[in-house]
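Asker: Return a 3D structure for these sequence lines:
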Amino acid sequence: MVGFVLVAVLAVAVGLVIAGPGLSRRYPAAWWLLIGFPVACVRVSRTWRPLMAGCGLAVSRKAALTVVSGLVGNGAPPPQPRVPRRGPMRPTRGGFWFVVRLLPGQVPADFAKAAPALAEAWQVHGVRASPLRPGHVRIDASSQDPLAAPRVPQQRGSGRLLRVAVGVLETGRQWTVDLREIPHWLIVGATRSGKSTLINALVAGLAPQPVALVGIDCKGGMELSLYEARLSALATDRAQAVRLLSALVDLMVHRMAVCRAARVRNVWGLPDTVRPVPVVVIVDELAELFLVASRNEKDEAHAAGTSLIRLAQLGGALGVFLVVAGQRVGSDLGPGVTALRAQLGGRVCHRVADPGTAEMALGDLNPDALKAAQAIRPDQAGTAVLASGEGWERARSHLVSEAEAEATAAQYAHLTPDLPALRTAVGGKSGRSTVVLERLDGES
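Answerer: Reported below is the predicted structural model:
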């Protein structure tokens, strides 16, 4: 009977080994929970103490006690070094995580430095250590790279106004951009790094929502003209951009007066029937606004920068949101760029052509994020490092083609709010019917 059981267990094990690759491809989540995760638990348990010692994360017992035990002891082995205590391992969709209690004198950076060695020993794609609370660090491990083939959501909208699902995070969770939480974003990336694809995904997710989209593309509108059917206004040169930004500042000042009269601190405190439509301003190639070759251009660049900074400082409370993109963003473009950068709380850095742009995007938030962005390879189009005041993560945007973005803009062109002041600023003509928005958000 015992022999039969052993043969059956051996047969099942051999079958799993043979069918494992196919099962992991077809049912990755089930394969990981049933096979991959238990194996990972065994690996972590067996290697934890030697890994801590090898990575310098173990603390020796009293030195004198160690020496004495070797000289006058009864052949007893010296006391084992103390290792950090870890909590139970918890599975995720494609990995696991657990919490480690730090020993006296240790900091989370010690575990971050040891992450490559941990990943190698546990045979996983990557390990990341992040502070959890004082004295504790969280260890996240990914069994495979979730950014290799991100799953496209069935619905890019998430049911909440101004929130858009644009890709997948390295942890396997959905990457969402929520302008209500972080109202202004800076997106940088070299040519063919995925910057335009991310903007396509943003527009595709915002187009079905009751919001106004405004474009500033000083390259003659080559990029943002794809969405022109859904744009309430589009500036295609710097002179138009200056007038449009000035009109947006005037719109913001008017909203201030409305909020003050209603005795509320922001537009979200206004009744649904009088709340103004949110305006999302997309600026493509920021450098074109700030590069100058003459005195007149210098005045225009200064005016554009001043308006952008004012919008960034006050727009979040007044329903005006900025998404600023560029291939190169550096302090050499002028002090206005640095001042604007400080107001853009969300940062997305794709592969960049110069380290100064990555430094401008991420350097003031997190040095580890900066290193991760500089490690993005040319063959990893769409991969980016996103950071905010709460931390940073690697992510990859969904592939949204130019044709799909243009078709989505045309499909929802009837939702385009008519904002005469903005349209007039860029010399547009009235041709769209005014959209009446009685209720903009289901939340109070």
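Asker: Tell me where the stretch 301-444 of the chain is predicted with low confidence.
Answerer: 428-444 (pLDDT under 70).
Asker: so Arg265 makes contact with Gly316?
Answerer: No. Arg265 sits out of contact with Gly316 when judged by CB atoms under 8 Å, with a separation of 11.5 Å. (Each C-beta comes from the backbone N, C-alpha and C, glycine too.)
Asker: For Gly105, which residues are in contact?
Answerer: Contacts for Gly105 (CB atoms under 8 Å, 6 or more residues apart in numbering) come out as Val59.
Asker: which of the residues in stretch 246-259 are buried?
Answerer: For stretch 246-259, a neighbour-count test (16 or more other CB atoms under 10 Å) marks 246-249, 251-252, 255, 259 as buried.
Asker: helix/strand/coil for the spatially most central residue of the chain?
Answerer: Residue closest to the average C-alpha location in the chain (CA atoms, centre = their mean): Leu386, at 3.5 Å. On the three-state scheme (DSSP: H, G, I helix; E, B strand; the rest coil), Leu386 is labelled strand.
Asker: nearest spatial neighbour of it, skipping sequence neighbours?
Answerer: Nearest-residue entry for Leu386: Val348, 4.8 Å, with adjacent residues in sequence omitted and distances by CB to CB, 6 or more residues apart in numbering.
Asker: can you pull up the bridge partners for the one you found?
Answerer: The partner list for Val348 in beta bridges (DSSP bridges) reads Ile187, Leu386.
Asker: what's around it, how many residues?
Answerer: When counting by other CB atoms under 10 Å, one arrives at 28 neighbours for Val348.
Asker: Distance check, it against Leu318.
Answerer: As judged by CB to CB, to the nearest Å, Val348 and Leu318 stand 24 Å apart.
Asker: Out of Arg265 and Gly316, name the residue with the larger neighbour count.
Answerer: Higher neighbour count among Arg265 and Gly316: Gly316, with 21 against 10, using other CB under 10 Å.
Asker: What are the contacting residues of the helix or strand where Ala115 lies?
Answerer: Taking DSSP states H and E as the definition, one finds Ala115 inside helix 108-122. Contact partners of helix 108-122, identified using CB under 8 Å, 6+ apart, comprise 40, 43-44, 47, 51, 54-57, 100, 102, 125-131, 137, 139, 141, 368.
Asker: Convert that helix to CSV, retaining C-alpha atoms only.
Answerer: Taking Å, rounded to 0.1, in the frame of the first residue of the first chain, the C-alpha atoms of helix 108-122 are listed here in CSV:
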residue,chain,number,x,y,z
PRO,A,108,15.3,49.6,4.9
ALA,A,109,18.1,50.6,2.5
ASP,A,110,20.1,47.6,3.7
PHE,A,111,17.5,45.3,2.4
ALA,A,112,17.1,47.3,-0.8
LYS,A,113,20.8,46.8,-1.5
ALA,A,114,20.5,43.1,-1.0
ALA,A,115,17.4,42.7,-3.2
PRO,A,116,19.3,41.3,-6.3
ALA,A,117,20.9,38.6,-4.1
LEU,A,118,17.5,37.7,-2.7
ALA,A,119,16.0,37.4,-6.1
GLU,A,120,18.8,35.2,-7.3
ALA,A,121,18.6,32.8,-4.3
TRP,A,122,14.8,32.6,-4.5
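Asker: Name the next helix or strand downstream of that helix, please.
Answerer: Using DSSP H and E, the helix or strand that follows helix 108-122 towards the C-terminus is strand 126-133.
Asker: Run through who's touching that following strand.
Answerer: Contact with strand 126-133 is made by 99, 108, 111-112, 114-116, 118-119, 137-142, 145, 170, 391, as judged by CB under 8 Å, 6+ apart.
Asker: ok, now stretch 189-203?
Answerer: Here stretch 189-203 makes contact (CB under 8 Å, 6+ apart) with 156, 164, 166-167, 177, 187-188, 213, 223, 226-227, 230, 282, 284, 323, 325, 327, 348-353, 376, 381-384, 396-402, 404-405, 408-409.
Asker: Can I have the buried ones of these as a PyMOL selection?
Answerer: Here is the PyMOL selection string for the buried members of these, based on 16+ other CB under 10 Å:
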select buried, resi 156+164+166+167+177+187+188+213+223+226+227+230+282+284+323+325+327+348+349+350+351+352+376+381+382+383+384+396+397+398+400+405+408+409
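Asker: Which members of the contacts of stretch 189-203 are positioned in strands?
Answerer: Mapping these onto strands (DSSP state E) picks out 164, 166-167, 177, 187-188, 213, 282, 284, 323, 325, 348-349, 383-384, 396-397.
Asker: Test my guess that Val264 contacts Pro271.
Answerer: No. Using CB under 8 Å, Val264 is not in contact with Pro271; the gap is 9.5 Å.
Asker: More neighbours: which of the two?
Answerer: Neighbour tally, Val264 and Pro271, criterion other CB under 10 Å: the higher count belongs to Val264, 14 against 10.
Asker: Skipping adjacent residues, who's closest to that one in space?
Answerer: Once flanking residues are discounted, Val264 sits nearest to Leu270: 5.9 Å by CB to CB, 6+ apart.
Asker: element containing Ala201?
Answerer: helix 195-206.
Asker: between that helix and strand 383-388, how big is the angle?
Answerer: Helix 195-206 and strand 383-388 meet at an angle of 60 degrees, taking axes from the mean of the first three to the mean of the last three CA atoms, to 10 degrees as the criterion.
Asker: Please renumber the chain so that the first residue is 403 from this point on.
Answerer: Got it, first residue is 403 now, which makes that one helix 597-608.
Asker: Go ahead and measure how far helix 597-608 is from the middle of the chain.
Answerer: Chain-centre distance of helix 597-608: 13 Å, with CA atoms, centre = their mean, to the nearest Å.
Asker: quick one on the thing from earlier: tell me who's in contact with the residue nearest to Leu788.
Answerer: Contacts for Val750 (CB under 8 Å, 6+ apart) come out as 587-591, 600, 763, 786-788.
Asker: Give me the buried subset of the contacts of strand 528-535.
Answerer: Buried among the contacts of strand 528-535 by 16+ other CB under 10 Å: 501, 510, 513-514, 516-517, 520-521, 539-544, 572.
Asker: Specify the local secondary structure of Gly458.
Answerer: Using three-state DSSP, the structure places Gly458 in coil.
Asker: quick one: it and Pro486, what's the gap?
Answerer: The gap separating Gly458 from Pro486 is 12 Å, by CB to CB.
Asker: neighbour-wise, which of these two wins?
Answerer: Neighbours per residue, other CB under 10 Å: of Gly458 and Pro486, the larger number sits with Pro486, 18 against 11.
Asker: Tell me the spacing between that one and Val461.
Answerer: For Pro486, the distance to Val461 - CB to CB - is 9 Å.
Asker: got it, and Ala763?
Answerer: 38 Å.
Asker: between those two, which one's more packed in?
Answerer: Counted by other CB under 10 Å, Ala763 and Val461 do not tie: Ala763 has more neighbours, with 30 against 15.
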